[in-house]
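here's my sequence, what's the structure:
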Amino acid sequence: MALILINNTGNKHNNYIRQAKYVNNPHLDGMEEDILYHFSLSTKTHDLPQMFGDVKFVCVGGSPNRMRTFAEYIHEQLEMPSNTADIKDICEGTDRYSMYKVGPVLSISHGVGVPSISIMLHELIKLLYHARCRGVIIFRIGTSGGIGLAAGTIVITDKAVDSFFRPQFEQVVLGKVITRSTELDVDIAQELLQYSSELTDMPTVFANTMCTHDFYEGQGRLDGALCSFSTEEKFEYLRKASKAGVRNIEMESSVFAAMCHVCNLKAAVVCVTLLNRFEGDQISTPHDILMEYQQRPQRLVAHLIKKRLGLIS
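Numbers count the residues shown, from 1 in each chain. You can find the predicted model right below:
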């Protein structure tokens, strides 16, 4: 297990404290400074325990604007004393990700796709470790394409599967393929499923989510710049996915689940469907309704957070 510096203000780093095993890298032991490049944070220049030590919930999603909106929403839900205008982007020193802290909740953008979210997760997990956080729950909240589900349906992920419907994530490391489990926390998922029944306009299912490495061909779309398959082949593949228990498709869940599992973080994936892929590849729902759909995962996760904090019974 790596060690974390208690003194990160520029003095000699000779005081250490052992932490919960959020990181799994023995090379961190000998580092004088750990720079979180894409967050514009460092163990030498920032007091990470003071800044983030009280974090209990982390919510990540693709869009910086959406995660700013979530930060403002959770600020309202937790009835924080300050004004939402005081919520600042902690990562404003970089243009890669955005991060907002509201009490014990972090709201962070991760961009689009496996590579982008994996970079963010490496630095987030190290941040939680250096900040000496305990008992953190991390949620991915986002949008997806449904398979046999009406637009606006929430999918709480049971298993995050790859394009072959396997519950695993493959990472190439030094020319070798490392396979990691995409197991998510069942108790958190069941808790979310239970709370969904307490909210209005929250149709919810517990099912498998397929994570692809591409938005177009990789998801069987007919509207990309390239298309190497027929309409019939597309629907045959979607039917196979449905038979394998897949009810939605997105682009981040597998590496999210794999990294959280390896790093001993309780995690859940909560995505809303914006269309039924059996009915087409392009969204036809009016913009105002889509905006309401996108708020549904936020509302559900916020409800769980309020329950966990004892703000509602």
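
tell me the confidence at the closest residue to N208 other than its chain neighbours?
In this structure, N208 finds its nearest non-sequential neighbour in G245, 4.3 Å apart by CB to CB, 6 or more residues apart in numbering. Yep, even glycine has a C-beta here, placed from its N, CA and C like the rest. Per-residue confidence (pLDDT) for G245: 98.

residues in contact with G245?
D158, K159, F165, A207, N208 (CB atoms under 8 Å, 6 or more residues apart in numbering).

restricted to strands, list the residues you listed.
Cross-referencing the contacts of G245 against strands under DSSP state E gives D158, K159, A207, N208.

now the helices for the stretch 201-313 of the chain?
Using DSSP state H, counting those that start in this stretch, the helices of the stretch 201-313 of the chain run over residues 231-243, 253-262, 287-308.

point out the most buried one among those helices.
Among the helices of the stretch 201-313 of the chain, helix 253-262 has the highest mean neighbour count (mean count of other CB atoms under 10 Å), at a mean of 26.

measure the nearest residue to Q298 once chain neighbours are set aside to R299 for me?
Nearest-residue entry for Q298: F70, 5.1 Å, with adjacent residues in sequence omitted and distances by CB to CB, 6+ apart. Applying CB to CB, to the nearest Å, the value for F70 to R299 is 10 Å.

could you do Y73 as well?
8 Å.

about what we covered before: tell me the one of the contacts of G245 nearest L36?
Taking CB to CB as the measure, L36 lies nearest K159 of these, at 30.2 Å.

now do the contacts for the closest residue to the closest one other than its chain neighbours.
Excluding the flanking residues, the one nearest K159 by CB to CB, 6+ apart is P167, at 4.3 Å. Neighbouring residues of P167 by CB under 8 Å, 6+ apart: K159, A160, V161, S181, T182, E183, N208.

cool, G145 as well?
Contacts for G145 (CB under 8 Å, 6+ apart) come out as Q219, N248, I249, E250, T273, L274, L275, R277.

list the residues that contact the closest residue to T209 other than its chain neighbours.
Leaving aside its chain neighbours, T209 sits nearest to T157 (4.3 Å; criterion: CB to CB, 6+ apart). Contacts for T157 (CB under 8 Å, 6+ apart) come out as L184, A189, A207, N208, T209, S253, A257, A268, V269, V270, C271.

mind checking how far V58 is from G135?
Distance, V58 to G135, by CB to CB: 12 Å.

helix, strand or coil for the most centrally placed residue in the chain?
Centroid check for the chain by CA atoms, centre = their mean gives R140 as the closest residue, at 2.6 Å. Secondary structure of R140, reduced to three states by DSSP: H, G, I helix; E, B strand; the rest coil: strand.

which residues does the residue nearest to it when sequence neighbours are not counted contact?
Counting by CB to CB, 6+ apart, R140 lies nearest to V269, which is 4.7 Å off, once chain neighbours are set aside. With contact taken as CB under 8 Å, 6+ apart, V269 is in contact with F139, R140, I156, T157, A160, L184, T209, S253, F256, A257.

what's the neighbour count on the fifth one?
Which is A160. A count of nearby residues for A160, using other CB atoms under 10 Å, gives 28.

show me the contacts for it.
A160 makes contact with 167, 169, 182, 184, 208-209, 211, 253-254, 256-258, 269, according to CB under 8 Å, 6+ apart.

list the contacts for V262?
By CB under 8 Å, 6+ apart, V262 lies in contact with N24, R180.

any idea how far Q171 is from it?
In this structure, V262 and Q171 are 10 Å apart, going by CB to CB.

from the contacts of G145, which ones fall inside strands?
Filtering these for strands - DSSP E - leaves N248, I249, E250, T273, L274, L275.

spatially nearest residue to the fourth one (excluding sequence neighbours)?
Right, the one you point to is T273. Of all residues not flanking T273 in the chain, G146 sits nearest, at 3.2 Å (CB to CB, 6+ apart).
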